[in-house]
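**Q** Here's a sequence, model it:
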Amino acid sequence: MSLLLSNDDGIHAPGLEALALALRPHHELMMIAPDRDRSGVSNSLTLDRPLQATRLDPTRIAVDGTPTDCIHLGTAGIFMPEPEQVLSGINYGANLGDDVLYSGTVAAAMEGRFLRKPAMALSLAVNDYGAPTLATFTQAAQVARYLLGVLQALDLPPRSVLNVNIPDLPASEIQGIRLTTLGQRLRGENPISTRNPRGKTLYWIGRVGGPIERTPGTDFHALAQGYVSVTPLHADMTSPAATARMTELFGALTANFDAAQLVAEGL
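**A** All right, here's what the predicted structure looks like:
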C-alpha cells in the first residue's frame, strides 16, 4: 500500500523516523513534512507566499510550511502518484479531547481525508518530556503498524480520520485498544508575560488545561487506564445538539427578516 507520512514535529523528528522504519518493509512510503517544528498550527494553509520543497533523499521532502501544506502538496500528484492513505506522527505528546482543534498532527491527517482509506493521526502520550530519541518511539511505531493492518477491515464512512493516542508504558502494561470519543479539557492557563532585553513585553501561551473529568468511553479515560485510544473524527463541525435546540424557534424568530429594509433603516 502507498502511504504518505507527515507530522508537525518536523522532517527530522525521531517519531516520524520510527514510524517509517516500522512501515517501510510492508508499504511504499513517501515522507513530506515541515522543515522545522510546526506544533499547534492547526489546519492552516500558507497563502501569502509560495512554498519551498527540498528533497532530502528519494523518499523525504522538507517543506517550509505547515503540516496541512505538506499533505496538500503530497496528494496533488506533484511528487508522487496519489497515495492510498495518510499517516501523521508519531507526535511527541498526546492529542486528546480539545487538542484536536490546535494539533498540527491531527491537521495533517485531516487534510488526507479525501483519499481512499481513512487517515490516521498518531501520538505518543509521554509522561516526562525530555529529549526524544528514536528508541522513544519504537514501541509506539509497532503499535501503529498493527493498527494500520487491523483497521483496513473496517468499512468507515468517507472522509473519516482516526485519532490514535498510545500510552507511554512498558509493553507488558498496555492493557489493549479502546474505541473512544473525545474528552474535554478545562480552560488553559492564562498567557505569561515577559520582557525581552529591549524592554518589549512578550507573551508565552500558557499550558493547556487538564481533563474536565476522565469519563469512561473518552480518550482521556482510556489512556489513564493504560489503553491505546482510537477516536474517529470527521471535518463536519455542525452541532447536532444546538441544531435540535434551535430548530423549533429559529424560523419564527427570523420570519420578519428583510435585508433591504435593514439597509434602508441603516442609511
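
**Q** ok, and for the helix or strand that contains Leu21, which residues are buried?
**A** Using DSSP states H and E, Leu21 maps to helix 14-23. For helix 14-23, a neighbour-count test (16 or more other C-beta atoms under 10 Å) marks 14-23 as buried. C-beta here means a position set from N, CA and C on the backbone, and glycine is covered the same way.

**Q** Identify, from these, the entry nearest to Gln85.
**A** Proximity of the buried residues of helix 14-23 to Gln85 was ranked by C-beta to C-beta; the top entry is Leu23 with 10.6 Å.

**Q** list the contacts for the closest one?
**A** Leu23 is in contact with 3, 5, 29, 87, 141, 144-145, 148, counting by C-beta atoms under 8 Å, 6 or more residues apart in numbering.

**Q** Show the pLDDT at it.
**A** pLDDT, Leu23: 98.

**Q** got the CA coordinates for the helix holding Leu21 in CSV?
**A** Provided in CSV are the C-alpha atoms of helix 14-23 (Å, rounded to 0.1, in the frame of the first residue of the first chain):
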residue,chain,number,x,y,z
PRO,A,14,12.5,10.7,15.6
GLY,A,15,8.8,9.9,15.8
LEU,A,16,8.5,10.2,12.0
GLU,A,17,11.7,8.1,11.5
ALA,A,18,10.4,5.4,13.9
LEU,A,19,7.1,5.2,12.0
ALA,A,20,8.9,5.0,8.7
LEU,A,21,11.2,2.2,9.9
ALA,A,22,8.2,0.2,11.2
LEU,A,23,6.2,0.5,7.9
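
**Q** Let's check: the centremost residue of this structure is which one?
**A** Val106 (0.9 Å; C-alpha atoms, centre = their mean).

**Q** So that residue sits against Leu162, correct?
**A** No - assessed by C-beta atoms under 8 Å, Val106 is found out of contact with Leu162, at 10.2 Å.
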